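Novice: I'll drop the sequence and a predicted model, then ask my questions.
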Amino acid sequence: MAAGNSTPQRPRPSTAAFALRAAAALLATCFALWLAGWLTQGSASAWPRFEDDAYYYLEIARNVASGHGFTADTLSPTNGFQPLWLWSLVPVAWLVSGDTTLLLTTTQVGVVVIFCLSGGLLCALLRARVGFLPALLGVAVLLFPRFSNVLLSGMESGVSALVLVVLIRELLRGPALASAEPAWGDVRAGALFGLLFLARLDSVFIAAACAGSVALAGLARADAPLGARLVRMVRKELSIFWPMVVLSAPYLAWNLVRFGHLVPISGALKSSHSQLGFTPGNLHLAYAVLLAFALAAAAVELRRPGDRALGRVLAALAAGLALQVLHAVVFMRWAVFSWHFALLVPVGALAVAALARAAQERWPRAPLRWAVACTGLLLVATQAVAISRLPLTFTGAGREAGRWAAKSLPPDAILGMKDSGAFSFFSERRVMNLDGVVNSFEFQEALCRGELLEFLARHGVAYIVQHAVPPDVRAGSYESYTQRYPCHFSGRDSELALRRDREVFRGSPYHSYFGDEEQLVIWRIP
């Protein structure tokens, strides 16, 4: 073709520039969702929707910043949190002096920024590996309400997903999984494994699966005697994972010395490794689908000719997440929520993009364009439905009751409540958590001895808050209501008798996640 007839080609943006553009596009999308939530619900805090447990982080961070240490109620120490996210919130709480509105608003903005950075980096990574259209389909996974709500829930999900995306980038580019020989670049992967562990402790299964992948790759190379291969494999494993040990050891030692357990109390209460079980309901269907996509994409990528880096990474991540799912189904006894599987979201996005690339190689390009367009329309529709369905929920009821307590109860009032996150944060009062997940082992032991009332009296608890009360309590047609507090160690449950004539607050009716009508009530106890 003659030079005069050639059409100038627009230069392709660099990966960093594309990542920033993608992050900016996600930020604009998040602003639109925030605006839609505000206009629909009449509240600037309608989106993003923080989980009740997210307020535990805010309350503990506020107490740490105020000099009270790691405690949710300033009455008992606790380690019921994922450390990296809490440590990230402490300087925020200190900068805003623990102010309720500023701390919540700043954290919400931070959560959105983290989400956009994760999505932008992942989009750029996928575009470089599998192409533009498959990358769009992959990143669309993050925007479906079931998954975006988890990453924007105020839990550790957002920061753990960001660390995982950076780790995926390192595993695809660096020597950790690409070479059987130890290399200086292994340190980067090891440090990211350590940060991921501190962000979400059960990501240890991902580290274990990657260690297994390294071992298999090293032993499979028939280039030396078995003894020499074993030595090389051990050197490679140490080269990768020593930074993870260095980063995580102080936290684990603190748990062991301060509380007598390596894992947080929330994990100790919810899991039992001495007894096998089978609770398939612990795995939510949407995350089971993402795991299936990850396994399928790993199988497809490992059969590709040429560079199989994406296949190796997908296989290791899918194996680690499958181990986590197996642990949740076999050993976790109760309260397994969607954010426990948040790491499946970026891995599922990676898998969808890889499968889309495989489809694009076999089919004409037009169907993939239609798939992208239809996915965009579907995202708009599902987000519109999700935003429009924001009635008063449990978290909103806790906020309403907490604000009543902040105005009506003495500043030194102490209350007790199960699922106490939002209520505790907005009440600005000391609230003892009565399901124990952000309380102390001492509390759980007293509860299991049937000494709950004595424990409450010893700590000055004067009010009991309970949500999801039975119909006769909601109707006010009762004289006394017995609330049970289950023992999650060996022992017996405790109970409290709550009398109708001791009620001090009755909140607005709200709907549970299952659509049932509920109500929150506060009683004064002797």
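Specialist: Here it is on my side, so go on. Predicted model only: the values in this text are computed from it and were never measured. Numbering: from 1, shown residues only.

Novice: buried set for stretch 94-113?
Specialist: Going by neighbour count (16 or more other Cβ atoms under 10 Å), the buried part of stretch 94-113 is 94, 96, 98, 100, 103-104, 106-108, 110-113. Bear in mind the C-beta positions are built from the backbone N, C-alpha and C, glycine included.

Novice: With adjacent residues omitted, what lies nearest to the spatially most central residue of the chain?
Specialist: The chain has residue 157 as the residue nearest its centroid, 2.6 Å off, counting by Cα atoms, centre = their mean. Leaving aside its chain neighbours, residue 157 sits nearest to residue 342 (3.6 Å; criterion: Cβ to Cβ, 6 or more residues apart in numbering).

Novice: For that neighbour, grab the count of nearby residues.
Specialist: 23 (other Cβ atoms under 10 Å).

Novice: thinking it is in contact with residue 159, fair?
Specialist: No: at 10.0 Å, residue 342 and residue 159 do not qualify as touching, with contact defined as Cβ atoms under 8 Å.

Novice: ok so, going back, tell me the one of the buried residues of stretch 94-113 nearest residue 179?
Specialist: Set against residue 179, the nearest of the buried residues of stretch 94-113 by Cβ to Cβ is residue 113 (34.7 Å).

Novice: Wait, a strand at that closest one?
Specialist: No: using DSSP: H, G, I helix; E, B strand; the rest coil, the secondary structure at residue 113 is helix, not a strand.

Novice: residue contacts, residue 79?
Specialist: Listed by Cβ atoms under 8 Å, 6 or more residues apart in numbering, the contact set of residue 79 reads 70, 254, 255, 258, 259, 264, 265.

Novice: does it count as helix, strand or coil?
Specialist: Here residue 79 is recorded as coil under three-state DSSP.

Novice: any idea how far it is from residue 263?
Specialist: Between residue 79 and residue 263 the distance is 9 Å, computed by Cβ to Cβ, to the nearest Å.

Novice: so where do the helices sit in the stretch 151-300 of the chain?
Specialist: Counting by DSSP state H, counting those that start in this stretch, one finds helices in the stretch 151-300 of the chain at the ranges 157-173, 186-199, 204-220, 226-259, 265-270, 285-302.

Novice: Take those and lay them out in a markdown table including mean pLDDT.
Specialist: Converted to a markdown table, the helices of the stretch 151-300 of the chain look like this (pLDDT from 0 to 100):
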| stretch | mean pLDDT |
| --- | --- |
| helix 157-173 | 97 |
| helix 186-199 | 98 |
| helix 204-220 | 94 |
| helix 226-259 | 96 |
| helix 265-270 | 90 |
| helix 285-302 | 96 |
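
Novice: Sketch out the low-pLDDT regions of the stretch 251-400 of the chain for me.
Specialist: In the predicted model of the stretch 251-400 of the chain, residues 389-392 satisfy pLDDT under 70.

Novice: about what we covered before: who are the contact partners of the residue nearest to residue 157?
Specialist: 150, 151, 155, 156, 157, 160, 161, 200.

Novice: which of those residues lies closest to residue 20?
Specialist: Using Cβ to Cβ, residue 161 comes nearest to residue 20 of the contacts of residue 342, at 18.3 Å.

Novice: Next, count neighbours for that closest one.
Specialist: 30.

Novice: and residue 407, what element?
Specialist: Secondary structure here is read from DSSP states H and E; on that basis residue 407 sits in helix 394-408.

Novice: ok now that helix, how far from the chain's centre?
Specialist: 25 Å (Cα atoms, centre = their mean, to the nearest Å).

Novice: Next, the buried residues of it.
Specialist: Quick answer for helix 394-408 (16+ other Cβ under 10 Å): 394, 395, 396, 397, 398, 399, 400, 401, 402, 404, 405.

Novice: Next up, the contacts around the spatially closest residue to the first one that is not a sequence neighbour.
Specialist: Take residue 394 and drop its neighbours on the chain: the residue closest to it by Cβ to Cβ, 6+ apart is residue 467, 5.9 Å away. If a contact means Cβ under 8 Å, 6+ apart, then residue 467 has 394, 397, 398, 417, 418, 419, 518, 519, 520 as its contacts.

Novice: Just to check, the third one is in contact with residue 52?
Specialist: In other words, residue 398. Yes: Residue 398 is within contact range of residue 52, at 6.4 Å (criterion: Cβ under 8 Å).

Novice: overlap in contacts of the two?
Specialist: Common neighbours of residue 398 and residue 52 (criterion: Cβ under 8 Å, 6+ apart): 419, 421, 422.

Novice: Need the phi and psi values for the residue nearest to residue 435 when sequence neighbours are not counted.
Specialist: Leaving aside its sequence neighbours, residue 435 sits nearest to residue 418 (Cβ to Cβ, 6+ apart; 4.3 Å). Backbone torsions of residue 418, given as degrees, to the nearest 10, read phi -80, psi 150.

Novice: Any idea how many residues pack against residue 418?
Specialist: Residue 418 is flanked by 17 other residues according to other Cβ under 10 Å.

Novice: now residue 361
Specialist: Neighbours of residue 361 (other Cβ under 10 Å): 10.

Novice: what's in contact with stretch 400-413?
Specialist: The contact list for stretch 400-413 (Cβ under 8 Å, 6+ apart) reads 392, 415, 422-430, 462-463, 465, 505, 507-508, 520, 522.

Novice: Then stretch 376-389?
Specialist: By Cβ under 8 Å, 6+ apart, the surrounding residues in contact with stretch 376-389 are 33, 36, 37, 40, 46, 47, 140, 143, 144, 145, 148, 149.

Novice: at 10 Å what do you get?
Specialist: Stretch 376-389 is contacted by residues 29, 32-41, 46-47, 49, 136-137, 140-141, 143-146, 148-149, 511 when judged by Cβ atoms under 10 Å, 6 or more residues apart in numbering.

Novice: Mind checking which of the residues you listed are in helices?
Specialist: Taking DSSP state H as the definition of helices, these contribute 29, 32-41, 136-137, 140-141, 143, 145-146, 148-149.

Novice: Pull out the buried residues from the residues you listed.
Specialist: Neighbour counting with 16+ other Cβ under 10 Å marks 29, 33-34, 36-37, 41, 136-137, 140-141, 143, 145-146, 148-149 as buried within those.
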